[in-house]
Structure formats: C-alpha cells, structure tokens
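Chemist: Sequence and predicted structure below; questions after.
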There are 2 protein chains.
Amino acid sequence: MNYVPLTIADVRAAAGRIAPFVRRTPVITDEQLNELLGAEVYFKCENLQRGGSFKLRGASNAVRSLADDVAARGVATHSSGNHGAALALAARLRGTPAYVVMPENSAAVKIEAVRQCGAEIVFCKPGRIAREAALERLLSERSLEVVHPYDDDRVICGQGTAALELLEAQPKLDVVMAPVGGGGLISGTAIAVKGVKPDIEVIGVEPAQADDAYRSFHSGERVLLDAPETIADGLRASLGVRNFAIIRRQVDNIVRVTEGGIVQSVRLVLQRLKLLIEPSAAVAVAALVERRMEIKGRRIGVILSGGNIDLGAATWLTGDER
Amino acid sequence: MNYVPLTIADVRAAAGRIAPFVRRTPVITDEQLNELLGAEVYFKCENLQRGGSFKLRGASNAVRSLADDVAARGVATHSSGNHGAALALAARLRGTPAYVVMPENSAAVKIEAVRQCGAEIVFCKPGRIAREAALERLLSERSLEVVHPYDDDRVICGQGTAALELLEAQPKLDVVMAPVGGGGLISGTAIAVKGVKPDIEVIGVEPAQADDAYRSFHSGERVLLDAPETIADGLRASLGVRNFAIIRRQVDNIVRVTEGGIVQSVRLVLQRLKLLIEPSAAVAVAALVERRMEIKGRRIGVILSGGNIDLGAATWLTGDER
C-alpha cells in the first residue's frame, strides 16, 4: 500500500473531534491484583464506554470527519458485533442515517442494540460473501459512506484515542497491551503510544485459536484464517490491510493465549476489579495470567476493550471454576 | 443520646484525613439506562473502592483519627463482612495491629480477605452474644481501640465522604440514595448531603425482609429484628443508636424493596453498566426499578456501596432470569 502513514497528530485530531461524544473512561489499578500478578497493571476501562466498547471512538471519528452533504446521505457498514451498534450511535448523534448489514443469525441482543440506536438493519445470509454482496446491493441503491469496522484510517485514529487517554492518566508505563481482532484497536494504539513515547512496548494479544495476526506478524505475510472458533467473538475477524501495515511497523510483539485463560481472566477481572469485560477484552489479561511475556515488576497498561456479554448465556461466568 | 451533632465540617475533615488512602471512585451515568428508568441516575461506584466497598472510608477515618500511642496498641472489631477487611486494610496502611472477631462459619472468601490484609482473626461461635463475648475477652487481654462497624462517629463521617465526592462530581441532584444496614453509610450520607445542599432529598433503602430502619423511621422507635434473612447480606445488621438519631433528623424517607428486585438489579447493573455490585448495593437500584418513590425526570445519585460477591456461589447472576 502506498499512503501517508498516520501519526500521533491524526490521533490527537480524532481525540478533539470525538471528545463531546465519547466518555473519558476511568483508568483503574488494584493493589491486590498487582500483588497477585507481580506487576503494576493499569486498566483503561473501555467496557465503561458508551455502548459498552471502544468502538464508539472509531465510529465517531469517521462520522464526524464527513462533509455535511455526505453525512446527510448516510453511512453503512457490515458488522455482527460492537461496531454496528457504535456506528449506529455515532450516526444518530450527528443526525446521520445509518445502515448496518447483519447476518440473519446474529444474536438477538446485538440486533436489539443496533436497532435501539435507530439504524436500519439489512439482514443477509451468514458468511463473508453474502455479507459483502448485501453491502454492495445496498450501495447500488443509495449513496452511502462505508465505514469499515477496522480497515479505515478514520476508525484506526479514533481507536487510538483510548491509549492516548491511558497515557495521560498514567504516563509512566513500560508496556501497553490490547487485543487484536481485525487490528483497529492495536494499530491505533501503536500509533498513539509510539507517537507519545517510542520506548513504551506495544503488545497485541490474540486467542491461539484465532491467531491470524500472530502468524502474519511473525511470518511477515498477511495470513487469513477461515472462520476461526474462539469464545472471544470480537476477535474472529480477519486482519485488515492497513492494520497489518501499521502492526508490522509499530507493534513490538503479538502473543497468544488459551481459551481457558480467557475464561479465567473474565472471572478474575469480575471478581477482583468488579468489572464486566467480554472475552475479547480478556485476552490481554490472560497474557499476564499465563505469563506470555516478561511482566515482573513492570508497569503495564491494558486496554479493556469492551463489556458486552449476554448474561443469559454466560453461565461459565459463575459457579465453580471448570 | 446527648452528644454534639456531627456536621458537614466533620465529613470534610474526614475527607482530608483519608484522601491518601482511599480511591476517589468514578461517578457513572448511562443514557440507555436513564431512558429505561425515565430518570437521570448518577452512580457513585464504591464497588470500585479499595477492598471492594465504601467501608474503607469509615475504617480509615477511625484509624487515622487515633493518637499515635493508641494506634500503636491496635484496633479491634467484630464483623463477618466488609468492615472487618476494611479495618484490617486501614490498620495495615498505618502499621497498626488489627484484631477482627469473626464467626467460625464465615464464608471462606471473607476470612481470606481479612487475613490477606494482615489482621489477626479471632474466631467465635455464630450469633451476637458469642461475638460480643469474644470481643470482650479480647479487650480484657489487650488494650485495643474498638472501631464499631457503624455506630461510631468517626466511621459515620468517613462513610459520608462518598456522598461528598458524588456531589462534587455532580452537584445538580434532586435525590441521593443509599442502602441501610446498620446505618453507617446512610447517616454519613445524610450529614454530607444536607450540609452541602439541604433541599436534596436523602432516601435510604432496605430489603423488605430486613426492614428495621424502615420500621424505626416510620414508628419513631428503634426497632430491632432477630436475624433477618435477605440475599443482601450486608444489610442484616441492626440499626445503630447514633445512626438512628441522625436518620430521624436528616433522612427524608426510607423505602423497601423485594428480594426479586434486588437480584434483578444486580443483573441490570452488570448487564448495562458492566459493574459488579453486591446485593446490598443493589437495593437502591431496586427502589428505582420497582418505583418505590417518585423518580420521573429527576436527577438521582445512587451510592453503589460495594461489589464483593463470591462468583462461585452466584449462579443466580447468569443464565435465564428466574
């Protein structure tokens, strides 16, 4: 790809643009957990973000970057998860129509979340091809601005604002960690962190069962996986092109964690920090619990990316550990 | 009783005294939940306090009020819940020995929490009489300063600092609500709120199955209940003497909620706010959910008092609603 690399200035511009619409989420540390882990860990609580995930940052930056006439026509995306609801909310806050293509087998709570934000849902058959066809059909009927969930500069810069706030709250960090799905959060995080202080390590974390970014990072070639299965449903997406380019340049390492470690970490954060996080957010915690890197005595920032769990289906969260 | 009434100045003094040792917990509001409830609700997140409950405020104020020679000898209390661990932590932070009398059938997690803070645990048979006898025996052996869980001016003023911070974060409130167990939190809250702005209503909330404060408030006589049963285990304590005196003078109303409403509210806060609260903290939310008072269009501050739940035993928190 041949484009001007994004810089910290772009992330700062995004921060100014979205400030009225997103929450400045708290950064939390807990002495007892620190003792347990043997490190000083600072959690940036994007699970407490409006809509329950960091996704509103990127979506808001995209929607707020549009010229008035473009915004008036509307935005579109495909998403079965947090990005769809976030784009719907960001659009509503600007009075922009939003269209979200969702597989017809999406979880009822996720459909409801998008609908509550006033977006029009376009259902499609499950699978990438059907989803892209549905979006193409929609775009042939209406002139809409597509906002990709992660392979989009505006989205990447928006996501980077979480790390910017984390560093403002706690500048003395040795490492910043974030989950990797399509790569929107980790690439924005890397631009922000390296722009503020290049010697802070940036580490991405993936489920071992959906390790496309790990394989891509370590092989130097963008690897795509076919429908990986993991409890971290937000991390099943394929690594984006822009995202991979940024990761190669600015991320220091990508590590992998087990499914058991993810479940254990959701419970640990709930029990100790009193915070509900979704499995996708727990991978970075699992990397600490499973010692996937050197953590002893270090100051580590962790972006807790979201907290959208359907409690009705989350019986693994309570009762005896399995 | 005949003593000089506590004032906002005492609460402010406590705030200054404990500031280095407690967290200034966040105040959270959520548009979607507000829409659902038809009110603007601001949650003061004491579940995110060190030790997982507001109790560290009162315990710290008590420990930090001691003369050096008294502090050097140590503090003692009886508690099967959050106060014991909070006093242990507050004492450790001052280098003061702490002794906590606990029933031998206390939950293992609670015993562990007190022990982790370095306090010496004195086990006793279950029940008020055995507990008081054990404390008396301890005091006959050692010269210790007793810090009652709630019927203590220093504790009351410390607990009031949560409301003070809530009002600093969000001064425009019509109502402030807090749970009522022994009355430490609600009495401190009332002193703080009425001292800052007397026309803000202060409402206490109790489980209908442990409604000693409700009965006392509405009859004008301190009513004691014998071993009330409620899922809100922190609210089974009997209303204190000092606390009742303050409640009569400065609390506007006490309302009651059902056990089902409490469970539903723990789940609601977890699902919507991504925060784990304990059933004792959920009563104030349940009062909103069950419309136990006029809430429409009002700005309501709710003190989420704590988040200490044993997930292993909390299967009611996930799965289908019962």
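Modeler: That came in fine, so what should we check first? Just so you know, these numbers come straight off a predicted model, no measurement behind them.

Chemist: Now for the residue nearest to residue A:81 when sequence neighbours are not counted, how many residues are close by?
Modeler: Spatial nearest neighbour of residue A:81, chain neighbours left out: residue A:234 (5.6 Å); criterion: C-beta to C-beta, 6 or more residues apart in numbering or on different chains. In short, each C-beta sits where N, CA and C put it, glycine included. For residue A:234, the neighbour count with other C-beta atoms under 10 Å in any protein chain shown is 25.

Chemist: so who does the residue nearest the centre of chain A touch?
Modeler: Closest residue to the average C-alpha location of chain A: residue A:185 at 4.6 Å, with C-alpha atoms, centre = their mean. By C-beta atoms under 8 Å, 6 or more residues apart in numbering or on different chains, the contact set of residue A:185 is A:54, A:150, A:159, A:162, A:178, A:179, A:303, A:305.

Chemist: Get me the contact residues on the stretch 151-300 of chain A for chain B.
Modeler: Residues of the stretch 151-300 of chain A lying close to chain B (C-beta under 8 Å from any C-beta of the partner chain) are A:267, A:270, A:271, A:273, A:274, A:275, A:276, A:277.

Chemist: check which helix or strand covers the residue nearest to the centre of chain A.
Modeler: According to DSSP states H and E, residue A:185 maps onto helix A:184-196.

Chemist: Quickly note the distance from residue A:245 to chain B.
Modeler: Distance of residue A:245 to chain B, given as C-beta to the nearest C-beta, to the nearest Å: 33 Å.

Chemist: pLDDT averaged over whichever helix or strand that residue is part of - what is it?
Modeler: In the assignment (DSSP H and E), residue A:245 maps to helix A:241-250. For helix A:241-250, mean pLDDT is 97.

Chemist: what angle separates it from helix A:184-196?
Modeler: Taking axes from the mean of the first three to the mean of the last three C-alpha atoms, to 10 degrees, one finds helix A:241-250 and helix A:184-196 inclined to each other by 40 degrees.

Chemist: For helix A:241-250, name the packing helices and strands.
Modeler: helix A:153-169, helix A:184-196, helix A:212-219 (3 or more C-beta pairs under 8 Å, 6 or more residues apart in numbering or on different chains; DSSP states H and E).

Chemist: need the contact list for residue A:95.
Modeler: Contacts of residue A:95 (C-beta under 8 Å, 6+ apart): residue A:71.

Chemist: mind checking how far it is from residue A:71?
Modeler: 8 Å (C-beta to C-beta, to the nearest Å).

Chemist: Same check on residue A:268?
Modeler: If you measure residue A:268 against residue A:71 using C-beta to C-beta, the figure is 42 Å.

Chemist: what does residue A:320 give?
Modeler: Distance, residue A:320 to residue A:71, by C-beta to C-beta: 51 Å.

Chemist: do residue A:137 as well
Modeler: From residue A:137 to residue A:71 the distance is 22 Å (C-beta to C-beta).

Chemist: thinking again about what came up before, please identify which of residue A:268 and residue A:71 sits among more neighbours.
Modeler: Between residue A:268 and residue A:71, residue A:268 has the larger neighbour count (other C-beta under 10 Å), namely 21 against 18.

Chemist: quick revisit: what about the residues of the stretch 151-300 of chain A next to chain B, which are in strands?
Modeler: Among these, none falls in strands (DSSP state E).

Chemist: would you turn the residues you listed into a markdown table with neighbour count and pLDDT?
Modeler: A markdown table is the format used below for those (neighbours: other C-beta atoms under 10 Å in any protein chain shown; pLDDT from 0 to 100):
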| residue | neighbour count | pLDDT |
| --- | --- | --- |
| A:267 | 17 | 97 |
| A:270 | 26 | 98 |
| A:271 | 20 | 95 |
| A:273 | 25 | 97 |
| A:274 | 27 | 97 |
| A:275 | 28 | 98 |
| A:276 | 28 | 98 |
| A:277 | 28 | 98 |
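
Chemist: ok, the residue in the stretch 101-250 of chain A positioned nearest to chain B - how many residues close by?
Modeler: Per C-beta to the nearest C-beta, residue A:116 is where the stretch 101-250 of chain A lies closest to chain B, at 7.1 Å. Close neighbours of residue A:116, defined as other C-beta under 10 Å, add up to 15.

Chemist: How about the contacts made by it?
Modeler: Residue A:116 neighbours (C-beta under 8 Å, 6+ apart): A:85, B:32.

Chemist: What of the one 4 residues further on?
Modeler: Residues near residue A:120 by C-beta under 8 Å, 6+ apart: A:97, A:98, A:99, A:100.

Chemist: could you redo the last one with a cut-off of 10 Å?
Modeler: A:74, A:76, A:88, A:97, A:98, A:99, A:100, A:114, A:138 (C-beta atoms under 10 Å, 6 or more residues apart in numbering or on different chains).
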